[in-house]
Each structure stands twice: as structure tokens, then as C-alpha cells.
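Q: Here is my input; please provide its structure:
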Amino acid sequence: MVILGDVAESDLTEKGWQLLERFVGESGGTLVMVAGKNHFPLEHRSPIVDALLPVTKLRPLTITGRQAEASPTERGFHLKLMPEALRESMFQFEPKPADNQEAWAGLPGHTWGLLATAKKGATVFATAIQKGKEQTFEEERENAIIVHQHYGFGQVLWIGIDSTW
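A: Next comes the predicted model:
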């Protein structure tokens, strides 16, 4: 597995991207791509990056002012897990599904992220939601924040936030 964070375009050449694409597509590797505020992926212009990303139409979501300064559970935007994510062990904080949902609902919000539209065939694991807003299926795919896709023999996981809990 390779985890790629907020790398500058000048620090990862086209040859480097070709090697990553071969690692995933031909060798069956896993690539985790994590959004960054400074460089990746908005600064990168490469057909390989576009092919590897399981999302399109990237757009920053920045929460400022009172909503960013509120208590941790009230601030920013929160993640809503999709049913597909609930079957994955990496999203399990508690063994019982109801307890797990409660744990996720109690996590602090995020003040920055890159929203994106999931590509066809990609699986949305989490979407960005703001309190009190319900989303349609289409809106969930358009506000994706954690997305998975198979790529050749491997897989890519997109994480559109650079914060954790």
C-alpha cells in the first residue's frame, strides 16, 4: 500500500505517477490518496492523476466564522457513512451497528475538505453533510468525501479531508 498526501507537483514527476499507476493497475497494489490544502490534488495536472482519482469535479469546502469556532461536535461538516462503508472493518469503531452509528454521529466536525463527484463504478463510503440537511442519492455522490474504486488489478481509496479525530 502507498499513502499519498499533500505532495507538490514538483516532488512527484510524471515518471513517479507512471510507477504508481503500474503498482496499482498491474501489480494489484492499493493507493490511498489524501487531499491536502496546499498541493494535492488541485495543483496536479496529469492524465494519470485524473485516471487514478475515483472522483471528479473537486471543490474545496471551508468552514469559517462561528460555525468553525463552535464546540467540536457542532462545528463544521460531518461525515455520513454509506451502507457500503458499514460493511468495511476500517469504519468500525464499535462491534454493534447501532453503537457504531452513534460513535460516528458523535465525532467532531471538519472545517476543510475537498468535495467531489464520485466516478461511475466507484463506491462512496462517506459523504460530507451539514447538520439539518438531508441529501438525495445523487447529492451524496456529488458530495463524496471518501470514495473507493478498483483500478486494474488494484484499488484506490480517496479521502477528501486532511483531518482526523
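
Q: The chain: helices as residue ranges?
A: 14-25, 47-52, 66-69, 83-86, 97-105, 137-142 (DSSP state H).

Q: Same list (those helices) but as TSV, adding mean pLDDT, distance to Phe125 and mean neighbour count.
A: Placement of C-beta: from N, CA and C, glycine included. What follows is those, written out as TSV (pLDDT from 0 to 100; distance: least, CB to CB, whole Å; neighbours: other CB atoms under 10 Å):
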stretch	mean pLDDT	distance to Phe125	mean neighbour count
helix 14-25	96	18	16
helix 47-52	96	17	16
helix 66-69	86	24	12
helix 83-86	91	4	14
helix 97-105	89	12	13
helix 137-142	88	11	14
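
Q: Compare those and give me the one nearest Ala118.
A: helix 137-142 (4.7 Å; CB to CB).

Q: Please name every helix or strand in contact with that closest one.
A: Using 3 or more CB pairs under 8 Å, 6 or more residues apart in numbering; DSSP states H and E, the elements in contact with helix 137-142 are strand 112-118, strand 123-129.

Q: still on that earlier bit, can you list the helices of the chain in CSV and add distance to His150?
A: Supplementary listing: the helices of the chain in CSV, determined by distance: least, CB to CB, whole Å:
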stretch, distance to His150
helix 14-25, 10
helix 47-52, 12
helix 66-69, 36
helix 83-86, 13
helix 97-105, 25
helix 137-142, 17
